[in-house]
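[1] Sequence unavailable; structure follows:
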């Protein structure tokens, strides 16, 4: 993972977003998740999501991203938005919502929001196919 303290790593996001990005709460891999996913974006960045789902609610979520600061920020935002939501509510998280919440995602990194929600959707699909 690239260094989050670099200028490219923070991209001028608001303090709240930088705090989320640097928080260990949602970052990392998980042993024995209910569902998981891995996607590699067209830019070469990759992302993983791990979900614990109980009674159709996401009770724990982790992400791992190997890529630029925008990719990590989008993954962190998706994890924040999905935590505690039902599976159906999490499926309403959109790339547009991620862009709006990040308040500063550069135009040339909008695809990172698509990678993040697509990786979440794939993890949810993994859960739905097992149920």
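    Cool, got the structure. Only a predicted model underlies this, so the values are computations on that prediction, with no experimental measurement involved.
[2] name the element the residue nearest the centre of the chain belongs to?
    Central residue of the chain (Cα atoms, centre = their mean): residue 75, 2.2 Å from the mean position. Using DSSP states H and E, residue 75 maps to helix 69-82.
[3] what is the mean pLDDT for stretch 49-68?
    Across stretch 49-68, the average pLDDT comes to 97.
[4] If you could redo that for stretch 90-105, that was the one I meant.
    For stretch 90-105, the per-residue pLDDT averages 94.
[5] Give me the buried positions along it.
    By 16 or more other Cβ atoms under 10 Å, the buried positions in stretch 90-105 come out as 90-91, 93, 95, 98-99, 101-102, 105. Glycine gets a C-beta too; all of them are placed from N, C-alpha and C.
[6] What of stretch 43-59?
    45-53, 58.
[7] Show the contacting residues for residue 44.
    If a contact means Cβ atoms under 8 Å, 6 or more residues apart in numbering, then residue 44 has residue 67 as its contacts.
[8] Tell me the secondary structure at it.
    coil (DSSP: H, G, I helix; E, B strand; the rest coil).
[9] picking up where we left off before, would you check which pair of the buried residues of stretch 43-59 lies furthest apart?
    45 and 53 (25.5 Å; Cβ to Cβ).
[10] about what we covered before: return the distance of the residue nearest to the centre of the chain relative to residue 55.
    25 Å (Cβ to Cβ, to the nearest Å).
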